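# Can you look at this prediction? I've put the sequence above it.
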Amino acid sequence: EAEVAQSPRYKITEKSQAVAFWCDPISGHATLYWYRQILGQGPELLVQFQDESVVDDSQLPKDRFSAERLKGVDSTLKIQPAELGDSAMYLCASSHAGYEQYFGPGTRLTVT
Amino acid sequence: KQEVTQIPAALSVPEGENLVLNCSFTDSAIYNLQWFRQDPGKGLTSLLLIQSSQREQTSGRLNASLDKSSGRSTLYIAASQPGDSATYLCAVLTGGGNKLTFGTGTQLKVEL
């Protein structure tokens, strides 16, 4: 069964360092999402791509976060510089025609 | 702005008991509703998806219902097992950009 791949699974970084996460969606899924989930809360959408275009990045802290999906397939989410409050689970999801979303295993980020 | 609420926040039951998890949402103009399961430190696994035109969906021991007009959904788990212990998240899909809004989850513990 096809799955959404994410790497790394865990990342520990120091405050003010740069960090990047990678996501490979299910083949053929045009829509890709990045979510942030703080412990004890539900995931919140950071950015949504349709192919290589950003559809919604209204909740993305653009002063330090950036996301790209250059060829409309895999995607990278970057944080620079990382802050203590960025510690969270970063989840990637993909969907076909924008309906049921399939989630990857997530990247657990700890900022020290 | 769509808001999703889940009650209870935590639930502990003995093995074999039937149980109901509740989800409510403020904007009834949804495309669909998904129930997810999340194990500690892991990603999300989709359990059931109910389209806005449907009233319920079933998968094995799970049954989800949707009353769109009243903004409510329930997830019924029959004959609970210790392996059902996890956090259960409800999410609704709304808006032209197909935005998924999550509740904060119900943490379920099934005890031997």
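Cool, the structure landed. Numbering: from 1, shown residues only, chains lettered A, B, ... in the order given.

# Pretty sure residue A:71 sits against residue A:51.
No - with contacts counted by C-beta atoms under 8 Å, residue A:71 stays clear of residue A:51, the gap being 9.2 Å. Where you see a C-beta, it was placed from the backbone N, CA and C, and this is true even at glycine.

# How about the residues of chain A by chain B?
Contact residues (C-beta under 8 Å from any C-beta of the partner chain) of chain A with chain B: A:6, A:31, A:33, A:40-45, A:48, A:55-56, A:89, A:91, A:93, A:95, A:98-106, A:108.

# So which of residue A:71 and residue A:51 has more stuff around it?
Between residue A:71 and residue A:51, residue A:51 has the larger neighbour count (other C-beta atoms under 10 Å in any protein chain shown), namely 12 against 9.

# contacting residues for the more buried one?
A:30, A:69, A:72 (C-beta atoms under 8 Å, 6 or more residues apart in numbering or on different chains).

# Save the residues you listed as CSV, and put in pLDDT, secondary structure and neighbour count too.
CSV is the format used below for the contacts of residue A:51 (pLDDT from 0 to 100; DSSP: H, G, I helix; E, B strand; the rest coil; neighbours: other C-beta atoms under 10 Å in any protein chain shown):
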residue, pLDDT, secondary structure, neighbour count
A:30, 92, coil, 16
A:69, 95, coil, 21
A:72, 85, coil, 14
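
# Tell me the one of the residues you listed nearest residue B:11?
Top of the list for closeness to residue B:11, among the contacts of residue A:51 and by C-beta to C-beta, is residue A:30 at 37.7 Å.

# My read is that the closest one contacts residue A:96, right?
Yes - applying C-beta under 8 Å as the test, residue A:30 and residue A:96 come out as touching, 7.0 Å apart.

# Let me know the distance separating residue B:75 from chain A.
Going from residue B:75 to chain A by C-beta to the nearest C-beta, to the nearest Å gives 15 Å.

# Report the secondary structure state of the residue of chain A found nearest chain B.
Per C-beta to the nearest C-beta, residue A:42 is where chain A lies closest to chain B, at 3.1 Å. Following DSSP: H, G, I helix; E, B strand; the rest coil, residue A:42 is assigned to coil.

# what sits against it?
For residue A:42, counting by C-beta under 8 Å, 6+ apart, the contacting residues are B:4, B:89, B:91, B:102, B:103, B:104, B:105.

# Within reach of chain A, which of those are there?
Answer for the contacts of residue A:42 near chain A (C-beta under 8 Å from any C-beta): B:4, B:89, B:91, B:102, B:103, B:104, B:105.
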